[in-house]
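> the following block contains a protein sequence and its predicted model.
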Amino acid sequence: MNIVIVGYGKMGRMIETLAAGRGHTIAAAVDPFAESDKTGSGAVLVKNIADLDGSELTIDCAVEFTRPDTAAANILALAERRIPVVAGTTGWHGMLAEVSAAVNNAGSSLLWASNFSLGVNLFYRICWHAAELMDSFPEYDPGGFESHHNRKLDSPSGTAKTLVEGILKRMKRKTKPVWNMLDRAPRPEELHFASLRLGAVPGEHSLIFDSSADSIEIRHSARNREGLAAGALICAEWLAGSGVRRNGVFTFDDVLEERFHARI
C-alpha cells in the first residue's frame, strides 16, 4: 500500500520504520510543524492535508496520530478526499457521531480505536471476561489506574475509557465510573479508575479486584510505541489493502473478529 502519515511525530516515525518491513511505501507525511520537506525515508513532507491536492501521489490509506484538538478536522479533510483513514489519536471521540456521519456521507472510510496495540485489545477481552466472572462475588471490589508520560494531553486515557465502558456493560453492581480524585468513600455502584502522568512511561493500565482476603490484578504494560504502530498498520491493511477498499466506520473489534476470530 501507499500510505500517508498524518502527524510526523514519534508515532509517525515508528509507523514509517515498520511500514517498509510489511511491504508498504510511505507516499507522504503531513505535519504542520515540519521543518523539512522530506521524511526519514525520503517521502514528501507537507504542512497540511490540502497540500496533497493536485499531486500525482497514489494514496491508498492514511494513518493519523496527532492531537485531540486536530484529529477530527484531519479525518474530515481526508474523508472529503475519500482517503481511508486509520485514526489513533484519542481525546476527540466526543465528536465521533458527527465525524462518522461525514465519513459515511462522503462514501469514505474510517477505522478508529482508543488503542491500536494488539496486546491491549486482548487485555480488554481478558478484563471484560474477568468482570463478568467477578460480578457474582461482591466481596471483590473492582478498580484500577493508568499511567502515561507527562506529555500526554488527555486524561483519563482513551484506553482506560474503553476498558471501563466494557466493564460497566458486564457488571450489574457497578454502574458509574469515577475518574477524578475522591475526597469521600466511593459509593457501592461506583468504579474508581485513577490516572497518573509522569516521566516517559509509554503506558500502563491495571484492573484490580480486591477483597479482605486477597487481591487479583490484571495489568498491561507497553514497553514502547511499536505495538501501537504495528496494530495501526494491521488495521490499514484490513481497511484498504489487498485490493479491498471498505466503506463505512469501523473499529479494531471488526479487524479482530474477522482476522483473528477474537469475538468480544
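Sure, I can see it.
> can you pull out the strands in this protein?
With DSSP state E as the criterion, the chain has strands at 2-6, 25-30, 44-46, 61-64, 85-87, 109-112, 141-148, 176-178, 190-197, 204-210, 215-221, 248-251.
> neighbours around residue 162, how many?
21 (other C-beta atoms under 10 Å). C-beta here means a position set from N, CA and C on the backbone, and glycine is covered the same way.
> reformat the strands of the chain as TSV; add distance to residue 131, mean pLDDT and mean neighbour count.
Output for these, formatted as TSV (distance: least, C-beta to C-beta, whole Å; pLDDT from 0 to 100; neighbours: other C-beta atoms under 10 Å):
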stretch	distance to residue 131	mean pLDDT	mean neighbour count
strand 2-6	35	98	25
strand 25-30	39	97	22
strand 44-46	44	96	19
strand 61-64	31	98	28
strand 85-87	27	98	29
strand 109-112	23	98	26
strand 141-148	7	97	21
strand 176-178	13	97	15
strand 190-197	10	97	18
strand 204-210	8	98	20
strand 215-221	10	98	14
strand 248-251	19	97	17
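> need the ones you listed in JSON lines with distance to residue 79, can you?
Formatted as JSON lines, those follow (distance: least, C-beta to C-beta, whole Å):
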{"stretch": "strand 2-6", "distance to residue 79": "12"}
{"stretch": "strand 25-30", "distance to residue 79": "15"}
{"stretch": "strand 44-46", "distance to residue 79": "18"}
{"stretch": "strand 61-64", "distance to residue 79": "10"}
{"stretch": "strand 85-87", "distance to residue 79": "7"}
{"stretch": "strand 109-112", "distance to residue 79": "7"}
{"stretch": "strand 141-148", "distance to residue 79": "29"}
{"stretch": "strand 176-178", "distance to residue 79": "31"}
{"stretch": "strand 190-197", "distance to residue 79": "31"}
{"stretch": "strand 204-210", "distance to residue 79": "31"}
{"stretch": "strand 215-221", "distance to residue 79": "32"}
{"stretch": "strand 248-251", "distance to residue 79": "10"}
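> ok, and the closest non-adjacent residue to residue 121?
Nearest residue to residue 121, sequence neighbours excluded (C-beta to C-beta, 6 or more residues apart in numbering): residue 252, at 5.4 Å.
> helices of the stretch 101-250 of the chain, residue ranges please.
For the stretch 101-250 of the chain, applying DSSP state H, counting those that start in this stretch gives helices covering 118-134, 158-170, 226-240.
> so which of those comes closest to residue 30?
Residue 30 lies closest to helix 226-240 among the helices of the stretch 101-250 of the chain, at 15.4 Å (C-beta to C-beta).
> using PDB, list the CA coordinates for the closest one.
Output in PDB follows, covering the C-alpha atoms of helix 226-240 (Å, rounded to 0.1, in the frame of the first residue of the first chain):
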ATOM      1  CA  GLU A 226       6.000  -0.400  18.400                       C
ATOM      2  CA  GLY A 227       2.900  -2.300  19.300                       C
ATOM      3  CA  LEU A 228       0.700   0.700  18.500                       C
ATOM      4  CA  ALA A 229       2.300   1.300  15.200                       C
ATOM      5  CA  ALA A 230       2.100  -2.400  14.200                       C
ATOM      6  CA  GLY A 231      -1.600  -2.600  15.100                       C
ATOM      7  CA  ALA A 232      -2.300   0.600  13.100                       C
ATOM      8  CA  LEU A 233      -0.700  -1.000  10.100                       C
ATOM      9  CA  ILE A 234      -2.600  -4.200  10.500                       C
ATOM     10  CA  CYS A 235      -5.800  -2.100  10.500                       C
ATOM     11  CA  ALA A 236      -4.700  -0.100   7.500                       C
ATOM     12  CA  GLU A 237      -4.100  -3.400   5.600                       C
ATOM     13  CA  TRP A 238      -7.600  -4.600   6.600                       C
ATOM     14  CA  LEU A 239      -9.300  -1.300   5.700                       C
ATOM     15  CA  ALA A 240      -7.700  -0.600   2.300                       C
END
